[in-house]
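In: Sharing a sequence plus its predicted fold:
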Amino acid sequence: MSARRPPQWPSSVMFITSPRYHYSVPASTRFYLTNGVALPIHPPPPDLNFAVHPVVRIRSISHPAHPARGQYGLFALKKIQPRTHIMDYIGEVHCQDRPNSNYDLSLFRSQDGVNVGIDASVMGNESRFVNDYRGIQGKPNAEFVEYRTAAGELRMSIWSTRDAIKKGEEIVVSYGKSWWLNRNSADPPPTLGGVISPAYAGYHGLG
Ligand SMILES: C[S@@+](CC[C@H](N)C(=O)[O-])C[C@H]1O[C@@H](n2cnc3c(N)ncnc32)[C@H](O)[C@@H]1O
């Protein structure tokens, strides 16, 4: 079998389907995160032969009124039922400050102050392309949900909300106001109130 990457996957980013643990994660934290399950250490072996996700696609965004135009987003290839587990947010699990990453999500904060993040800037899956709803839709149609896999590994997943996601619709979550307020990036923050540009309202990226 030949190696398969999702369509539009950037060549500079490693495509992975399970988390990689950075050396900055202390052994005790890692034990908590994995429930004692033995997992690969960083740097990981190359991953080959992945299946392309059956329900989501990465699309480039060209609509002039989209706040992330010129970038990519995650879109529903087919209708997604309400309250459905779409995929896990996969990346490098770490305990560092990474204020310059646009792909770093908080996974866990321990009582003794250890912050664990999932950073998909250099490795990840399609979920790294999920945009924040602000300026795109009136509310998120998906949300982050923490859970443990059957093997006991703590993960962050993306679920549809109580409404179905239409075929062709962009899948958008809320990063949270603090994500936008704490960023060092030069990117302009979207309207934190979630106002959609009238020029973009009603547009669905695959149309
Ligand atoms: C996790 S990435 C999402 C995928 C990104 N659009 C891409 O093509 O790689 C987060 C970045 O996407 C952009 N972004 C996400 N949601 C946005 C929004 N509602 N308005 C403007 N930019 C957004 C910002 O540049 C942000 O730093």
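Out: Arrived safely. Numbers count the residues shown, from 1 in each chain.
In: And the strands in the chain?
Out: All strands of the chain, identified by DSSP state E, fall at 14-15, 20-21, 56-60, 72-76, 85-88, 92-94, 104-109, 115-119, 123-124, 131-132, 142-148, 154-160, 172-173.
In: Tabulate these (JSON lines), appending mean pLDDT and mean neighbour count.
Out: Backbone N, C-alpha and C define where each C-beta goes, glycine included. Converted to JSON lines, those look like this (pLDDT from 0 to 100; neighbours: other CB atoms under 10 Å):
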{"stretch": "strand 14-15", "mean pLDDT": "92", "mean neighbour count": "20"}
{"stretch": "strand 20-21", "mean pLDDT": "94", "mean neighbour count": "22"}
{"stretch": "strand 56-60", "mean pLDDT": "96", "mean neighbour count": "19"}
{"stretch": "strand 72-76", "mean pLDDT": "98", "mean neighbour count": "21"}
{"stretch": "strand 85-88", "mean pLDDT": "96", "mean neighbour count": "18"}
{"stretch": "strand 92-94", "mean pLDDT": "97", "mean neighbour count": "26"}
{"stretch": "strand 104-109", "mean pLDDT": "94", "mean neighbour count": "17"}
{"stretch": "strand 115-119", "mean pLDDT": "96", "mean neighbour count": "21"}
{"stretch": "strand 123-124", "mean pLDDT": "95", "mean neighbour count": "22"}
{"stretch": "strand 131-132", "mean pLDDT": "96", "mean neighbour count": "22"}
{"stretch": "strand 142-148", "mean pLDDT": "95", "mean neighbour count": "16"}
{"stretch": "strand 154-160", "mean pLDDT": "96", "mean neighbour count": "19"}
{"stretch": "strand 172-173", "mean pLDDT": "98", "mean neighbour count": "22"}
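In: quick one, longest helix in the protein?
Out: helix 27-34 (DSSP state H).
In: and that one, what does it pack onto?
Out: Under the contact criterion of 3 or more CB pairs under 8 Å, 6 or more residues apart in numbering; DSSP states H and E, the helices and strands touching helix 27-34 comprise strand 20-21, strand 104-109, strand 154-160.
In: Report the buried residues of the helix or strand bottoming out on mean pLDDT in the chain.
Out: Least confident element among the helices and strands of the chain, by mean pLDDT, DSSP states H and E: helix 177-181 (a mean of 82). By neighbour count, with 16 or more other CB atoms under 10 Å as the criterion, the buried positions of helix 177-181 are W180.
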